[in-house]
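Undergrad: Sequence first, then the predicted structure, then my questions.
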Amino acid sequence: MENTGYTTLTRQSGLLREMQVIANNIANAGTTGYRSETLIFAEYVQKVENGPSISMATPTARSISGLQGALQPTGGTLDFAIEGDGFFLIQAADGNKLTRAGSFSLSAAGELVTHDGHRVLDAGGAPVFVPPTATDMRVAADGSISAEGRLIGQIGLFRPLDPNDLIREGGTLFRTMGDTEPVQDARIVQGFLEGANVDPISEVARMVEVQRAYEMGQNFLENENNRIRETLKTLIR
């Protein structure tokens, strides 16, 4: 295969991966706390002996959008949205995770948990405990939890030191390769949930653009294949 074929195949592979990312964003446009993502492409220029250089663009990483999603009122006592930067810290079986999905409940032991049973952690990294006798539970903007006017805990907000360290581990869960730090400049809103920060119209427009680019590459490969076949037939004669 000639260099043009290899270059086109590399481009087709990247476009296919980008299409998968866009499709995943659109599929989760209604998922609470979902963060959209995009592919980051890097260009590699390789010198060819006795010929021109070859430029190839390859997807090397994914970028998680930090845009604020719309806050949707629910009235739920254990529904929380984050306004600003930061994530809830969740204790999973394979380590701590970050999430913006704030629809929680209380376990039989009185711990604040996600729908998957993962513990929600406080500002000090310990599970958030709500006494079974607690009534009229209120959560302040800084995450402080009070019941009947008495402080009983605080929901923690954290963020990675490097935003590019975020790695998706499911629909709304993330892990980070580096350290996290407490967030002081965000606020928690009780009785609300944050919607996905996906712009469906922009995603659909981008999908059409990627699809057309993929079809152009496919047509080029088919035409190139036909050209080579006709050349071989001519030589064999």
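TA: Cool, the structure landed. Numbers count the residues shown, from 1 in each chain.
Undergrad: Excluding covalently adjacent residues, which one is nearest to residue 120?
TA: residue 112 (4.3 Å; CB to CB, 6 or more residues apart in numbering). In this view, the C-beta of every residue, glycine as well, is placed from N, C-alpha and C.
Undergrad: In three-state terms, how would the one you found be classified?
TA: Following DSSP: H, G, I helix; E, B strand; the rest coil, the label given to residue 112 is strand.
Undergrad: For it, list each beta-bridge partner.
TA: Taking DSSP bridges, one obtains residue 106 as the residues bridged to residue 112.
Undergrad: can you give me the helices for this structure?
TA: 3-27, 200-236 (DSSP state H).
Undergrad: any chance of these in TSV, with distance to residue 168, mean neighbour count and mean pLDDT too?
TA: Below are the helices of the chain laid out as TSV (distance: least, CB to CB, whole Å; neighbours: other CB atoms under 10 Å; pLDDT from 0 to 100):
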stretch	distance to residue 168	mean neighbour count	mean pLDDT
helix 3-27	9	17	81
helix 200-236	16	12	81
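Undergrad: Of all those, which one is nearest residue 146?
TA: Closest approach to residue 146 among the helices of the chain (CB to CB): helix 3-27, 37.8 Å.
Undergrad: Could you give the separation of that closest one from the chain centroid?
TA: 18 Å (CA atoms, centre = their mean, to the nearest Å).
Undergrad: what residue ranges in this structure score low on pLDDT?
TA: 1-7, 41-61, 225, 237 (pLDDT under 70).
Undergrad: so the residue nearest to residue 120 touches residue 121, yeah?
TA: No. In this structure residue 112 lies outside contact range of residue 121 using CB atoms under 8 Å: 9.0 Å.
Undergrad: Mind listing the shared neighbours of the two?
TA: Residues touching both residue 112 and residue 121 (CB atoms under 8 Å, 6 or more residues apart in numbering) are 127, 128.
Undergrad: quick one: which of these two has more around it?
TA: residue 112 (22 against 19; other CB atoms under 10 Å).
Undergrad: mind listing what the more buried one touches?
TA: Per CB under 8 Å, 6+ apart, neighbours of residue 112: 78, 104, 105, 106, 119, 120, 127, 128, 129, 130, 155.
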